[in-house]
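>>> coords please:
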Amino acid sequence: MKTLSVCFVCLGNICRSPIAEGVMLEHVRRAGLAERIVVDSAGTGDWHVGDAPDARAIAAAARRGYDLTELAARQVTAGDFKRFDLILAMDHKNLADLQRSCPPADAHKLALLMQFASRHQVRVVDDPYFGGVEGFERVMDHCEDACAGVLAELQARLAEA
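Predicted coordinates for the structure are as follows:
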């Protein structure tokens with residue numbers, strides 16, 4: 001049985017990318033595809049490795065029924081470029097960082113998460129770290145929208161297999 005995998009990437013892997021991971025895990029579960037779609041997240045930086053997501057991210061996700069409490073930050077590794085079918089960056093800087101370290105043969109796997117959104121016309125998921133609760137709610141809105149599009153893309157790929 002064919003499986004696919006997606007990794008969401010932000011700077012420290014404690015705000016945006018774990019929110020996207022939690023949202024996507026729930027979308028995949030609801031679609032009955034937990035055995036066929038692997039979901040993960042990582043950061044381009046290493047300063048939060050092993051840390052839980054930001055408490056504000058955990059709270060924003062919990063208010064919408066997502067559980068981030070089991071997640072822990074990790075840094076992108078060279079092996080991730082082979083391991084994942086899609087590697088989705090939260091913003092242009094994260095994408096540029098990924099492009100610099102990605103082998104040319106895997107560059108087609110890289111994209112901005114918001115390319116998959118249908119309701120929000122923004123290109124990036126802004127970092128809420130230095131702001132208030134409203135920034136985390138906006139990240140939730142963007143991730144819920146874009147992850148629905150990612151799920152549709154992965155379902156289409158699975159149907160082709």
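
>>> ranges for the strands of this protein?
When secondary structure is read from DSSP state E, the chain shows strands at 4-10, 37-43, 86-89, 110-112.

>>> what packs against the second one?
Secondary structure elements in contact with strand 37-43, counted by 3 or more Cβ pairs under 8 Å, 6 or more residues apart in numbering; DSSP states H and E, are strand 4-10, helix 16-30, helix 133-160. The way it works is simple: take the backbone N, C-alpha and C, and place the C-beta from them, glycine included.

>>> again, only this time at 7 Å
In terms of contacts (3 or more Cβ pairs under 7 Å, 6 or more residues apart in numbering; DSSP states H and E), strand 37-43 is packed against strand 4-10, helix 16-30.

>>> correct me, but His142 touches Leu112?
No - look at His142 against Leu112 with Cβ atoms under 7 Å: they stay out of range, at 11.0 Å.

>>> the more surrounded of those two?
With neighbours defined as other Cβ atoms under 10 Å, His142 and Leu112 compare such that His142 has more, 24 against 19.

>>> so who does that one touch?
Met114, Ala117, His120, Val122, Val125 (Cβ atoms under 7 Å, 6 or more residues apart in numbering).

>>> Using a markdown table, lay out the strands of the chain together with distance to Arg64 and mean pLDDT.
Listed next are these as a markdown table, based on distance: least, Cβ to Cβ, whole Å; pLDDT from 0 to 100:
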| stretch | distance to Arg64 | mean pLDDT |
| --- | --- | --- |
| strand 4-10 | 17 | 98 |
| strand 37-43 | 17 | 98 |
| strand 86-89 | 20 | 98 |
| strand 110-112 | 22 | 98 |
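
>>> now those strands in TSV, with distance to Glu153?
Formatted as TSV, the strands of the chain follow (distance: least, Cβ to Cβ, whole Å):
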stretch	distance to Glu153
strand 4-10	9
strand 37-43	11
strand 86-89	8
strand 110-112	10
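
>>> which stretch among those strands comes nearest Ala73?
Checking the strands of the chain against Ala73 by Cβ to Cβ gives strand 37-43 as the closest, at 5.9 Å.
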